[in-house]
Each structure stands twice: as C-alpha cells, then as structure tokens.
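> Mind looking at a prediction? Sequence and model below.
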Amino acid sequence: MAVVAEGPTDVIVIEAVLRALLPHPFVLTQLQPEVTRPKVGAGWPGVLRWCRDNADRGVKRLEDDPALPGFDLFVLHVDADVADASYDDLGAADAQEAVRRGWPTLPASQPCPPPSSSAEAMRARVLAWANLAAPGPRTVICVPSKATEAWLAAALLDDGHKLLVGLECNSRIGAQLTVLPKGLRIAKREREYRARQQAITAAWPTVRRRCTLAERFSIELLAAAGLG
C-alpha cells in the first residue's frame, strides 16, 4: 500500500486508520514526502508536485503507472484547509504553471459547516493535479476537515471536551492541541503521534461518529480494498 501525504504525522494517522479498517497485515510505503527528493518539498505543495509529476508520465490511473508497481491501494491526502491557500504561495513559476495547466483555482474555501464543501473542492484539485478524471478502483482521496488533527482530537478527547464542538470546522485545532493541559497536550512531532497510533486505531469507530469525513474516507477505503 502506498500513501501520498502532506507530512509524516499525517502518514502516521493514516496508517492507524488503515490498521483499524483492514483485517490483514500490510506494509505502507510513503511515496510523499520523500526524503530522497527534497526539491519536491512537503506540505500541500509537495503533494501538488508529486501529483503533477505523476500526471507528466501520462498514466490515466495510478494503478496503471509502471513506476508504481505492486501496490494494492493508493491513498492521496491533503487537508481541507488547503482550500484557503493560493498557488501564489508556491512562488511565481509554480503559480504560472497552475494557470498554464488549467488547474482549478485556489483559494477555493467554502463556508463551514458543512465541512464537506471545502473538502470536495480539494478532492477536485487533487484529481486535477494528478490529471485523473476520477480515482482509480484502488485509489482513495483522503481529505480531513479542516486537518488531520481533527481526527487525532476525535480519537483522544473525551466526550464533552470543548474542542469537539465544531471540530471539523476548526482551522486552529492543530495549534490548540499543542497547548492543552499536560497529559492531553500533543505536539506536532512524529514521536508523539507514533506514541498515540494504537489509541487512534482503537478509537476509530468513535472518530467515524464524530467526523463526517472520517466516515467518508472509511467507506471509500473499504470499497477500494474490496471490503465495502
């Protein structure tokens, strides 16, 4: 299985989700961020450039790409809050390329609620960046709202916690998790996310109830894995 994500902490959360949903062991390969390709970068610009490079190989589905052999499943991740960003954030050359390629515009932020609106806008942009008319049969688009940290909060915070109110529309959830009282505080470090990975896996049914886009991702992943 392969994942293209904004950052390594996102990969940790996605791996925890896969463990919750899939009944068999698997090996997850992180295609992006890729430490051997520093020019691609990380964050959503890294996802964009990875998708663009894939599109330039002229393959219409990731499943058919000879450069990506042997993967049972592909996950393409970007956070819904990227809808607030701009191609100008990438620099002049990349912004001009976005126009030349006819990519859907950024910013593309929509009112939240519902969280699905900006998420849907970002799904369309990921597909456009990769020149995919639709996800292939084993490709799943993963767009948490507003960010993967919402799923982390939904997994780890008790019922009634104030951060659970409007969780999928909270663009500051990542920063707020870092200033919680000791014992709940979660810094955006791989070590801290990895230490909580099993808890995320165990709590995934709760996350699905609390986050509509976690439920959507679960349904689509199970279908792509032939388990839906």
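Good, I have the coordinates.
> which stretches of this structure have low pLDDT?
36, 38-39 (pLDDT under 70).
> in it, which spans are strands?
Assignment of strands within the chain using DSSP state E yields the ranges 2-4, 29-32, 74-77, 139-142.
> Grab the most central residue of the chain for me.
The centroid of the chain falls nearest to residue 77 when counting by CA atoms, centre = their mean (2.7 Å).
> returning to what we had before: out of the strands of the chain, which one sits most buried?
Highest mean neighbour count of those: strand 74-77, a mean of 25 (counted as mean count of other CB atoms under 10 Å). Quick note: C-beta positions are derived from backbone N, CA and C, even for glycine.
> helices or strands up against that one?
With contacts defined as 3 or more CB pairs under 8 Å, 6 or more residues apart in numbering; DSSP states H and E, strand 74-77 has these neighbours: strand 2-4, helix 8-21, helix 43-56, strand 139-142.
> Just name whatever secondary elements the last one is in contact with.
Translated: strand 139-142. Counting contacts by 3+ CB pairs under 8 Å, 6+ apart, the secondary-structure elements packed against strand 139-142 are strand 74-77, helix 116-129, helix 212-224.
> what's the most buried one of the ones you listed?
strand 74-77 (a mean of 25).
> Direction included, what does that one pair against?
Strand 74-77 has the following strand partners under DSSP bridges: strand 2-4 (parallel), strand 139-142 (parallel).
> Using JSON lines, please lay out those together with distance to residue 127.
Listed next are these as JSON lines, based on distance: least, CB to CB, whole Å:
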{"stretch": "strand 2-4", "distance to residue 127": "13"}
{"stretch": "strand 139-142", "distance to residue 127": "7"}
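> tell me the contacts of residue 112?
Residues in contact with residue 112, defined by CB atoms under 8 Å, 6 or more residues apart in numbering, are 118, 145, 146, 168, 169.
> at 6 Å what do you get?
Residues counted as contacts of residue 112 (CB atoms under 6 Å, 6 or more residues apart in numbering) are residue 169.
> how near is it to residue 156?
Using CB to CB, to the nearest Å, one obtains 22 Å as the distance from residue 112 to residue 156.
> Is it correct that residue 80 is in contact with residue 119?
Yes - Residue 80 is within contact range of residue 119, at 4.3 Å (criterion: CB atoms under 6 Å).
> list residues touching both of the two?
Common neighbours of residue 80 and residue 119 (criterion: CB under 6 Å, 6+ apart): 143, 145.
> how much space between the closest residue to residue 155 other than its chain neighbours and residue 130?
Residue nearest to residue 155 in three dimensions, not counting chain neighbours: residue 203, with 4.0 Å by CB to CB, 6 or more residues apart in numbering. The gap separating residue 203 from residue 130 is 31 Å, by CB to CB.
> of these two, who's got more company?
residue 130 (24 against 20; other CB atoms under 10 Å).
> mind listing what that one touches?
51, 54, 55.
> Quickly note the distance from residue 84 to residue 65.
Residue 84 is 31 Å from residue 65, where distance means CB to CB.
> next one: residue 87
Counting by CB to CB, the separation of residue 87 from residue 65 is 25 Å.
> So for those two, which sits in the more crowded spot?
Neighbour comparison, residue 87 and residue 65: the larger count goes to residue 87, with 19 against 16 (by other CB under 10 Å).
> Show the contacting residues for the more buried one.
Residue 87 sits in contact with 95, 98, 106, where contact means CB under 6 Å, 6+ apart.
> if you set the cut-off to 10 Å instead, what comes out?
For residue 87, the contacting residues are 45, 48, 94, 95, 96, 97, 98, 99, 103, 105, 106, 107, by CB atoms under 10 Å, 6 or more residues apart in numbering.
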